[in-house]
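[1] test case, fold it:
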Amino acid sequence: MNTKIKIQLSVMMFLEFFIWGGWFVTLGTYLGNNLNATGAESAMAFSTQSWGAIIAPFIIGLIADRYFNAEKILGILHLAGAVLMYQMYLSTDFDGFYPYVLGYMILYMPTLALVNSISFNQMKNPAKEFSFVRVFGTIGWIVAGLIISYVFLWDSVEGRQEGLLKNTFLMVSIASACLGVFSFMLPKTPPKVGKDEKISISAILGLDALKLLKDRNFLIFFISSILICIPLAFYYQNANPFLSEIGMDNPTGKMTIGQASEVLFMLLLPYFFKKFGFKKTLIAGMLAWTVRYLLFAYGNAGDLAFMLIIGIALHGICYDFFFVSGQIYTDSKAGIKYKSAAQGLITLATYGVGMLIGFKIAGVITDTYKAADGFHAWDNIWTFPAIFAFVVMILFVIFFKNEEVEYKE
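    Coordinates of the predicted model:
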């Protein structure tokens, strides 16, 4: 892969995740402050990610993989997304906002697979080359958070009072338009499947891999993956509103510590895999969710602010040790025939079904512990996912039998 292509792919990844991190992190705070949304309404808005994840395989499998170059589809989706994002910027109430965020996420979620497809198509050795390109996505997410908090101060107390968080949608709309235009300059990535080649719905959704559920260990892992997404949804939906409400300075910027942690623990993952094995690594990931939420429940923005920072920094263990480890485990169990189908099934189960349930529950719990003055009893809200994650971990410990899983670097 020559330097020009490497730079192109890196810019593509940077913008792809700058766009996501530039509005999704602060969405909960924006909905509450600017649109006076309830917890249930916030859950509806965040659930659009799950609906996008469920619909995305159809866009990729039925359109992108059969009729058009991936880079052209990527460009069209981001240009259309820029228009919808601008409409979100103009919205003044939740009823007007929701159709645009739903439409946007249906368009955006397929682009996550497209940027990977475009990257892999240019690489002779993806196992070695992809990590360099993908890390620019994490950098893009971090830069978006730092700009919001430290450059424009949109999430400061004054910024929230003035409703400045709406500017995140304008910023992302511009970035999306830039990536849309830039996508047409990316290396050509032709369709993988012939127009006349038959492809089943079950293959598109990864349902062919359901045969793997006959394996008791994989079934336990599959169920645990869905269940652990319920506490995960609490973090996505409530972390930024929580930090903002209790008075933490520059909450969005501080949350980028989680992405830096993600990079660090990704590098440490091979060591943990070899040293402790798959089961203990996964258990560490689930236990980290419990510890994180207990830190959130009992920390504050004053003398116990360090507890909140530690909770944010645990993101690398929470995400990498469970979800990345799970992808590796799924790959090892699937075999050549079901590799793609198995990964598609896990994605559908977690980001689709699991988080859809999680956002719904998080919305109900958040509304339950909202006082008349608009403030929340956050200790009660965070205790629920802490206990839930711990119960899932205990069940996994009891029912999952230890087995060797090879980590291929």
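
[2] every contact and neighbour count from this point should use C-alpha atoms.
    Will do.

[3] any stretches of this protein with poor pLDDT?
    Counting by pLDDT under 70, the chain contains low-confidence ranges at 61, 64-65, 127, 192-200, 203-206, 337, 340, 406-409.

[4] how does it divide up, domain by domain?
    Domain segmentation of the chain under automatic domain parsing yields 1-192, 203-409.

[5] check which helix or strand covers the nearest residue to residue 320 once chain neighbours are set aside.
    Distances taken as C-alpha to C-alpha, 6 or more residues apart in numbering put residue 266 closest to residue 320, at 6.1 Å, once the chain neighbours are dropped. Assigned by DSSP states H and E, residue 266 falls within helix 251-298.

[6] cool, residue 41 as well?
    Using DSSP H and E, residue 41 falls in helix 39-59.

[7] where along the stretch 301-409 of the chain do the helices fall?
    305-313, 315-319, 325-347, 355-368, 378-399 (DSSP state H, counting those that start in this stretch).

[8] now do the first one: everything it contacts.
    Put plainly, it is helix 305-313. With C-alpha atoms under 8 Å, 6 or more residues apart in numbering as the test, helix 305-313 has contacts from 254-255, 257-258, 261, 291-293, 295-296, 298-301.

[9] let's see it at 10 Å
    With contacts defined as C-alpha atoms under 10 Å, 6 or more residues apart in numbering, helix 305-313 is touched by 235, 239, 243, 248, 254-262, 288-301, 314, 318.

[10] give me the angle between it and helix 251-298.
    Calculated by axes from the mean of the first three to the mean of the last three C-alpha atoms, to 10 degrees, helix 305-313 forms an angle of 110 degrees with helix 251-298.

[11] could I get the CA-only coordinates of stretch 338-356 as PDB?
    C-alpha atoms of stretch 338-356 as PDB (Å, rounded to 0.1, in the frame of the first residue of the first chain):
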ATOM      1  CA  TYR A 338     -19.100 -18.800   8.700                       C
ATOM      2  CA  LYS A 339     -16.500 -16.100   9.500                       C
ATOM      3  CA  SER A 340     -18.400 -13.200   7.900                       C
ATOM      4  CA  ALA A 341     -21.800 -14.500   8.900                       C
ATOM      5  CA  ALA A 342     -20.800 -15.000  12.500                       C
ATOM      6  CA  GLN A 343     -19.400 -11.500  12.900                       C
ATOM      7  CA  GLY A 344     -22.600 -10.100  11.300                       C
ATOM      8  CA  LEU A 345     -24.700 -12.100  13.700                       C
ATOM      9  CA  ILE A 346     -22.800 -10.800  16.700                       C
ATOM     10  CA  THR A 347     -23.100  -7.200  15.500                       C
ATOM     11  CA  LEU A 348     -26.800  -7.600  14.900                       C
ATOM     12  CA  ALA A 349     -27.300  -9.200  18.300                       C
ATOM     13  CA  THR A 350     -25.200  -6.600  20.300                       C
ATOM     14  CA  TYR A 351     -25.500  -3.200  18.500                       C
ATOM     15  CA  GLY A 352     -29.000  -4.100  17.200                       C
ATOM     16  CA  VAL A 353     -31.000  -6.100  19.700                       C
ATOM     17  CA  GLY A 354     -28.900  -5.800  22.900                       C
ATOM     18  CA  MET A 355     -28.500  -2.000  22.800                       C
ATOM     19  CA  LEU A 356     -32.100  -1.500  21.600                       C
END
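
[12] report how many residues lie close to residue 267.
    Using other C-alpha atoms under 10 Å, the number of residues around residue 267 comes to 12.

[13] that one and residue 338, how far apart?
    27 Å (C-alpha to C-alpha, to the nearest Å).

[14] relative to helix 325-347, how tilted is the helix holding residue 41?
    Orientation check (the same axes, to 10 degrees): helix 39-59 against helix 325-347 gives 80 degrees.

[15] list the buried residues in stretch 245-263.
    For stretch 245-263, the neighbour count (16 or more other C-alpha atoms under 10 Å) marks 245, 248-262 as buried.

[16] so residue 375 is in contact with residue 246, correct?
    Yes: counting by C-alpha atoms under 10 Å, residue 375 touches residue 246, with 9.0 Å between them.

[17] number of residues surrounding residue 273?
    Neighbour tally, residue 273, other C-alpha under 10 Å: 20.

[18] from residue 123, how far out is it?
    26 Å.

[19] go on, residue 42?
    Between residue 42 and residue 123 the distance, using C-alpha to C-alpha, works out to 40 Å.

[20] those two - which one has more neighbours?
    Using other C-alpha under 10 Å as the criterion, residue 42 and residue 123 rank with residue 42 on top: 26 against 16.

[21] residue contacts, that one?
    27-32, 36, 94, 98, 237-238, 359-360, 362-363, 366.

[22] quick one: buried ones out of these?
    If we count by 16+ other C-alpha under 10 Å, the contacts of residue 42 have these buried: 27-32, 94, 98, 237-238, 359-360, 362-363, 366.

[23] now, which of those residues sits nearest residue 402?
    residue 359 (31.2 Å; C-alpha to C-alpha).

[24] which residues touch residue 338?
    Here residue 338 is in contact with 203, 206-212, 330-331, 344 (criterion: C-alpha under 10 Å, 6+ apart).

[25] the residue nearest to residue 320: how many residues sit nearby?
    Residue 266: 17 neighbours (other C-alpha under 10 Å).

[26] roughly how far apart are residue 32 and residue 376?
    As for residue 32, its distance to residue 376 is 12 Å (criterion: C-alpha to C-alpha).

[27] any idea how far apart the tips of stretch 246-253 sit?
    16 Å.

[28] contacts for it next, please.
    Taking C-alpha under 10 Å, 6+ apart as the rule, stretch 246-253 contacts 21-22, 25-26, 142-151, 153-157, 239-245, 254, 300-302, 305, 308, 375-376, 378.

[29] now it, how far from the centre of its chain.
    Centroid separation between stretch 246-253 and its chain, computed with C-alpha atoms, centre = their mean, to the nearest Å, is 21 Å.

[30] again with stretch 97-113
    Chain-centre distance of stretch 97-113: 13 Å, with C-alpha atoms, centre = their mean.

[31] got the buried residues for it?
    Neighbour-count burial for stretch 97-113 [16+ other C-alpha under 10 Å]: 97-98, 100-111, 113.

[32] which two in those residues are spaced the farthest apart?
    Applying C-alpha to C-alpha across those, the maximum distance is between 97 and 113, 25.9 Å.
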